[in-house]
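# Predicted model and sequence below, questions to follow.
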Amino acid sequence: MSHSHGHNHSHHHHGDLKGRNLFISILLNIIITVAQVIGGIISGSLSLLSDALHNFSDVLSLIISYVANRLAKQKASNQKTFGYKRAEILAAFVNAATLMVVAVLLIVEAAERFQNPQEIESNLVIWLSFVAILGNGFSVLLLKKDAEANMNMKSAYIHLLTDMMASVAVLIGGLLMKYYQLYWVDSVLTFAIALYLVWMGWDLLKNSTKVLMLFTPDSIPIQRIVDEINSFESVKNTHHVHVWQLNEDEIHLEAHIDFHEDITLSKFDKILKNIEELVFDKYDINHVNIQPEFGKDDAKEVIVQD
């Protein structure tokens, strides 16, 4: 068995920044939650208290993301040969699932509020939702860059973004109630946010599930890779192929390769090096594990169910 690492560890210093940004977001959201609970109790506003609940769910999802981000940096050991490299994918899955729950709760809430609109009587609601918008808005900006390349950060980012939108809905609703006595706007906006949440959350849930289930990444055409390896002159056939994504940075390929002749190990190493370069340059596969065979009697299908 040969195992190769085409590692690119260019993002370690960046990971610390991710953790720091998450930590700042957690603190901001705790402050917003406490402010909204106090404000909700003083003003008797249910919408503020429900907003505080959303913010609290943000705090929990951010803590999950933060812990996963810290765990992912831990070293591998005999008991954990991959370390905690999947912690962030797991966190993304959990957060995406809670996004769906939050969306359902928002839809229920919007329907109830539409049937009996609550009058928001105080300016406190308007001011506190403004504070929440600023706090969440700042958190969203902090996490935006990392959210593009990392499922865990994206799950935290979507929680914050939808929360910011919910606060905007409360603010608009509060202003329209105060000046125009329009009481239905709030519930319509809440419903729209819930639909957006389902749309974003579903995508994240699907992608994190694919990784956890060891499905082949969408960008990897297994048959084409097999054909390319088979075109090497000494290769007879490539079979028993597995391609999976360990986390966002690592894609693994393992396969059995049958050779035309009983080649030496040094010759195999040369061929292996060419295979590694081919799959890394073309398909970003950075872990290759090849089992060389000659005249071995085993199943020769490309995909073999173990």
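Happy to help now that I have it.
# quick one: secondary structure of the spatially closest residue to Thr216 that is not a sequence neighbour?
Spatially, and ignoring its direct neighbours in sequence, Thr216 is nearest to Val243 (4.7 Å; CB to CB, 6 or more residues apart in numbering). The C-beta positions use only the backbone N, C-alpha and C, and glycine is treated the same way. Put simply, Val243 is strand when judged by DSSP: H, G, I helix; E, B strand; the rest coil.
# likewise the one 4 residues further on?
Asn247 carries the three-state label coil when classified by three-state DSSP.
# what number of residues lie near it?
20 (other CB atoms under 10 Å).
# pLDDT score for it?
The confidence metric pLDDT takes the value 91 at Asn247.
# tell me what the strand or helix carrying Ala111 is packed against?
For Ala111, the host element (DSSP states H and E) is helix 87-115. Counting by 3 or more CB pairs under 8 Å, 6 or more residues apart in numbering; DSSP states H and E, the packing neighbours recorded for helix 87-115 are helix 46-72, helix 151-180, helix 185-212.
# Only alpha carbons, please: show stretch 261-276 as CSV.
Written as CSV, here are the backbone C-alpha positions of stretch 261-276 (Å, rounded to 0.1, in the frame of the first residue of the first chain):
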residue,chain,number,x,y,z
GLU,A,261,3.6,-7.2,-15.6
ASP,A,262,5.2,-7.9,-12.3
ILE,A,263,6.9,-4.5,-12.0
THR,A,264,9.5,-3.5,-9.3
LEU,A,265,8.5,-1.3,-6.4
SER,A,266,10.7,1.6,-7.7
LYS,A,267,8.8,1.5,-11.0
PHE,A,268,5.5,1.5,-9.2
ASP,A,269,6.6,4.5,-7.2
LYS,A,270,7.3,6.4,-10.4
ILE,A,271,3.8,5.5,-11.8
LEU,A,272,2.3,6.4,-8.4
LYS,A,273,3.9,9.8,-8.5
ASN,A,274,2.4,10.5,-11.9
ILE,A,275,-1.0,9.4,-10.7
GLU,A,276,-0.8,11.7,-7.7
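# circling back to that earlier point, show me what secondary structure element comes after the helix holding Ala111.
By DSSP H and E, the next helix or strand past helix 87-115 is helix 123-147.
# Which of the residues in that next one are classified as buried?
Residues of helix 123-147 classed as buried by neighbour count (16 or more other CB atoms under 10 Å): 124-126, 128-129, 132-133, 135-137, 139-140, 142-143, 146-147.
# just the helices and strands packed on helix 87-115: most buried one?
Most buried of those, by mean neighbour count (mean count of other CB atoms under 10 Å): helix 151-180, with a mean of 23.
# Mean confidence (pLDDT) on that helix, please.
Averaged across helix 151-180, the pLDDT comes to 84.
# in this protein, which segments are predicted with low confidence?
For the chain, the stretches flagged by pLDDT under 70 are 1-16, 45, 47, 118-122.
# how does it divide up, domain by domain?
Listed domain ranges for the chain are 11-212, 222-293 (source: automatic domain parsing).
# closest to Glu301 out of these?
Across the domains of the chain, Glu301 has its closest neighbour in domain 222-293 (6.0 Å, CB to CB).
# re the thing from before, count the neighbours of the residue nearest to Thr216 for me.
Other residues close to Val243 by other CB under 10 Å number 21.
# Renumber starting at 50 from here on
Right, with 50 as the first residue, what we last looked at is Val292.
# And the domains of the chain: which comes nearest Val351?
Of all those, domain 271-342 sits nearest to Val351, with 5.4 Å by CB to CB.
# which residues touch the nearest residue to Ser74 once chain neighbours are set aside?
Using CB to CB, 6+ apart and skipping residues adjacent in sequence, the residue nearest Ser74 is Ser188, 3.9 Å away. Ser188 sits next to Ile73, Ser74, Leu77, Asn78, Leu209 when contact means CB atoms under 8 Å, 6 or more residues apart in numbering.
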